[in-house]
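Here is my input, please return the structure:
(one chain, ligands or ions: 1)
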Amino acid sequence: YTGKTGSQLLTEKVKKLTVQDYQSIPIVVNESSSVYDAICTMFLEDVGTLFVVDKNAYLTGILSRKDLLRASIGKQDLESMPVSIIMTRMPNITVCEKDDLVIEVANKLIEKQIDALPVVKKKDSANHLEVVGRITKTNITKVLVDLSHDQLL
Ligand code: ADP
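Down below sits the predicted model:
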């Protein structure tokens, strides 16, 4: 008998969960894509956040629903407006890696008041990041559901 309470055991379990156990597939658009195409991709892929990559598939930006809504207010031509002029850019993107703890991701989402983080892999010494996954508030909510079914990994 360890002398640990149920909630201490639970806390220990939650603190072991990593991003790779809960991440989803990333949906990306190229930085030369139009705002119009990004809106279509967001609907077709049924996601709330798109990651923007350059021709080498390195992360350069991020697009939220409100970024696209904001760009759609007014009379601009969305088909000729590239996403690169409205996206949030590197290095101002909060990222995580597959071995990071889910609880650290949850903390970042709350602190920065954002919905999703790209899961990235460092490519080379030039700080290039490859996008390998996506982790959102929905993935974090699944931790709670698994917890209630005693299905934590
Ligand atoms: P919404 O804008 O639809 O409410 P978010 O709260 O996720 O969605 O995004 C708020 C702002 O933060 C947007 O301008 C978006 O580009 C930016 N953003 C979203 N995710 C990140 C991230 N991981 N790192 C940095 N900025 C982000």
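
burial measure for Gly3, as a count.
A count of nearby residues for Gly3, using other CB atoms under 10 Å, gives 5. (Glycine included, C-beta is placed from N, CA and C.)

what does the strand or helix carrying Thr60 rub up against?
Thr60 belongs to strand 59-64 when elements are defined using DSSP states H and E. With CB atoms under 8 Å, 6 or more residues apart in numbering as the test, strand 59-64 has contacts from 29, 31, 38, 42, 48-54, 83-84, 86-90, 93, 95, 114-115, 118, 120, 129-131.

what about burial for the residues you listed, which qualify?
29, 31, 38, 42, 48-53, 83-84, 86-87, 90, 93, 95, 114, 118, 120, 129-131 (16 or more other CB atoms under 10 Å).

Give the buried residues for stretch 24-32.
26-31.

Same question for stretch 68-83.
68, 71, 81-83.

Relative to the ligand, which of these is nearest.
Leu68 (8.2 Å; CB to the nearest ligand atom).

Let me see the mean pLDDT of stretch 59-74.
Over the span of stretch 59-74, the pLDDT mean works out to 97.

Tally up the residues packed near Leu44, please.
9.

How about Gln151?
Neighbours around Gln151, by other CB under 10 Å: 10.

Please tell me how far it sits from the ligand.
27 Å (CB to the nearest ligand atom, to the nearest Å).

residues in the protein within reach of the ligand, list them.
49, 62, 64-67, 88, 92-94, 113-117 (CB under 6 Å from any ligand atom).

tell me which of those residues is nearest to Lys13?
Relative to Lys13, the closest of the residues of the chain next to the ligand is Leu117; by CB to CB it sits at 21.9 Å.

re earlier: and the furthest pair within the residues of the chain next to the ligand?
Maximum distance among those (CB to CB): 18.2 Å, for Arg65 and Asn92.

before we move on, back to that, so after the strand holding Thr60, what's the next helix or strand?
Next element after strand 59-64 (DSSP H and E): helix 65-72.
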